[in-house]
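**Student:** Prediction below, plus the sequence it came from.
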Amino acid sequence: MTKATKEFVDQTGRRKVKGNMDIELAVDAMEIAPHIDHMVLFSGDGDFRSLVEAVQRRGVRVTVVSTISTQPPMVADELRRQADVFQDIVELQNKIGRDPAQRTSREPRQHTPQFLQRPTTGSPQRAGAGGDDDDFED
């Protein structure tokens with residue numbers, strides 16, 4: 001599924017790009033809930049807590065995949081607690097990650113994404129932590 005992003009200028013005059021798929025994901029999840037036994041949600045967004053609760057009422061088990069290994073954690077506590085299973089993505093890195101040497105030239109990133117890196121003492125907090133993480137500054 002794809003969706004066009006929206007560009008706008010915020011109150012401080014900075015150009016922002018917004019790409020929010022929350023409603024589309026929630027609608028799709030509710031539509032497929034009668035046909036599945038287990039849903040895996042790759043998100044830490046606390047807005048999904050009520051969706052997880054709704055599909056659980058329909059008998060669907062829910063696994064949430066995100067991380068608590070960063071500072072601040074990338075998963076909302078209420079979402080983690082609502083899930084039947086919480087899986088820290090850091091624990092999956094050796095199963096789903098690729099060796100940087102195996103990447104093609106069209107994938108220039110040659111480092112571990114920040115959300116998979118272990119926190120270090122005194123590391124700065126992620127910009128916008130606790131706010132609307134659907135906005136991206138340019």
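**Tutor:** Structure's in. What do you need?
**Student:** Isn't Ala26 up against Asp45?
**Tutor:** No - because the distance of 10.7 Å does not satisfy CB atoms under 8 Å, Ala26 is recorded as not touching Asp45. The way it works is simple: take the backbone N, C-alpha and C, and place the C-beta from them, glycine included.
**Student:** So these two - more neighbours on which side?
**Tutor:** Looking at Ala26 and Asp45 with other CB atoms under 10 Å, you find the greater number of neighbours at Asp45, namely 19 against 16.
**Student:** Do you have the helices of this protein handy? List them.
**Tutor:** In order along the chain, the chain carries the following helices (DSSP state H): 22-32, 49-57, 77-82, 93-96.
**Student:** among those, which gets the worst mean confidence?
**Tutor:** Taking the mean pLDDT of each of the helices of the chain, the lowest value is held by helix 93-96, a mean of 84.
**Student:** which helices and strands does that one pack with?
**Tutor:** Judged by 3 or more CB pairs under 8 Å, 6 or more residues apart in numbering; DSSP states H and E, helix 93-96 is in contact with no other helix or strand.
**Student:** Distance from that helix to the middle of the chain?
**Tutor:** Using CA atoms, centre = their mean, to the nearest Å, the distance from the centre of helix 93-96 to the centre of the chain it belongs to is 17 Å.
**Student:** One more: stretch 55-71?
**Tutor:** Mean C-alpha position of stretch 55-71 versus that of the full chain (CA atoms, centre = their mean) differs by 11 Å.
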